[in-house]
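Asker: Here's a sequence, model it:
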Amino acid sequence: QDNALLLRDGYLHPPLADITQQFSTALLGFGYPPCPGHIMVTNPMWCQSLGAFRQTIGQWLYADNPEGKMHLAIFMDARAVAGDATLLQNARNFALNRAIGSNTFISRMASAIDQFAEPSSAWWSRLPLLGSRESETFDLKKIGTFPIVHGARALALEYRLEALGTVARLQALAHLQVLPTALERDLVETLHMLMTLKLRNNLRQRALGQAISNLVELNSLGTLERDQLTDALGIIRQFKQFLRQHYRLES
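Answerer: Presented below is the predicted three-dimensional model:
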């Protein structure tokens, strides 16, 4: 549900705050809840003129703000859905021209793959054996899809790929021989499996009247799903190790 608004430099519209609030209210009416990170047109950072937004991009690139690399990563996934698409392309080119060749920044951006702790080795080994009494949970986004999505983002930025979707990025990286073909295939299958598991889990949560979240209760999984999750975690670890070596994150 992330959204933003870029305005031409010099364009002023006094009722803009009311309009952006109406937009967010309409999204809520359609069933899209507010973004937890407030990446919405009602946030002044995501509703700026092109010139001001380019300055914001510069702060993301060069300021020592841990959130900057995440904001830039989110922005690089943006698509123009209405209005003058050249405004977005201008801002995107501005970011690319400054980020490309900046190995330090891209490495810092890629390091976000480790910001969420993996399960302990004991938890990992017990996963296929979990019984009905277990109540542990697994975050399908933070530990599951995020490392794949964000790792593909960092590599796409480094190689200046136009592809925006994660699968398209992984396929393009394999075509460039950046990623081994087998790893690309496994990552795509893992991503689809995790997305399917998240959908099933959210439908189950809704049926039980629970809050919709990315947390899956491990005791709700069948044997096959546990085996698939175990394999998925192994592939994610392999990709994270590839990224650590590629960007020398452990040095």
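Asker: Run through the helices of the protein in chain order.
Answerer: 16-30, 50-62, 66-75, 85-99, 103-110, 121-126, 146-158, 166-175, 181-207, 223-246 (DSSP state H).
Asker: Output the below-cut-off pLDDT ranges for the stretch 101-250 of the chain.
Answerer: Applying pLDDT under 70 to the stretch 101-250 of the chain flags the ranges 101-102, 119-135.
Asker: try 50
Answerer: For the stretch 101-250 of the chain, residues meeting the criterion pLDDT under 50 lie at 130, 132.
Asker: ok, the nearest residue to Leu7 once chain neighbours are set aside - contacts?
Answerer: Of all residues not flanking Leu7 in the chain, Ser49 sits nearest, at 4.7 Å (Cβ to Cβ, 6 or more residues apart in numbering). All C-beta atoms are positioned from the backbone trio N, CA, C, and that covers glycine. When contacts are counted by Cβ atoms under 8 Å, 6 or more residues apart in numbering, Ser49 is found next to Leu6, Leu7, Arg8, Asp9, Gly10, Tyr11.
Asker: I'd guessed the second one sits against Trp46; true?
Answerer: Which is Leu7. No - assessed by Cβ atoms under 8 Å, Leu7 is found out of contact with Trp46, at 11.6 Å.
Asker: okay, the two: which has more neighbours?
Answerer: Trp46 (23 against 19; other Cβ atoms under 10 Å).
Asker: What is the burial count for the closest residue to the more buried one other than its chain neighbours?
Answerer: Spatial nearest neighbour of Trp46, excluding adjacent residues (Cβ to Cβ, 6+ apart): Ala4 at 3.9 Å. Neighbour count for Ala4, taken as other Cβ under 10 Å: 18.
Asker: rewinding a little: which stretch among the helices of the chain comes nearest Val41?
Answerer: helix 16-30 (4.1 Å; Cβ to Cβ).
Asker: Just the residues contacting the closest one, thanks.
Answerer: Gln1, Asn3, Leu5, His13, Pro34, Met40, Val41, Thr42, Cys47.
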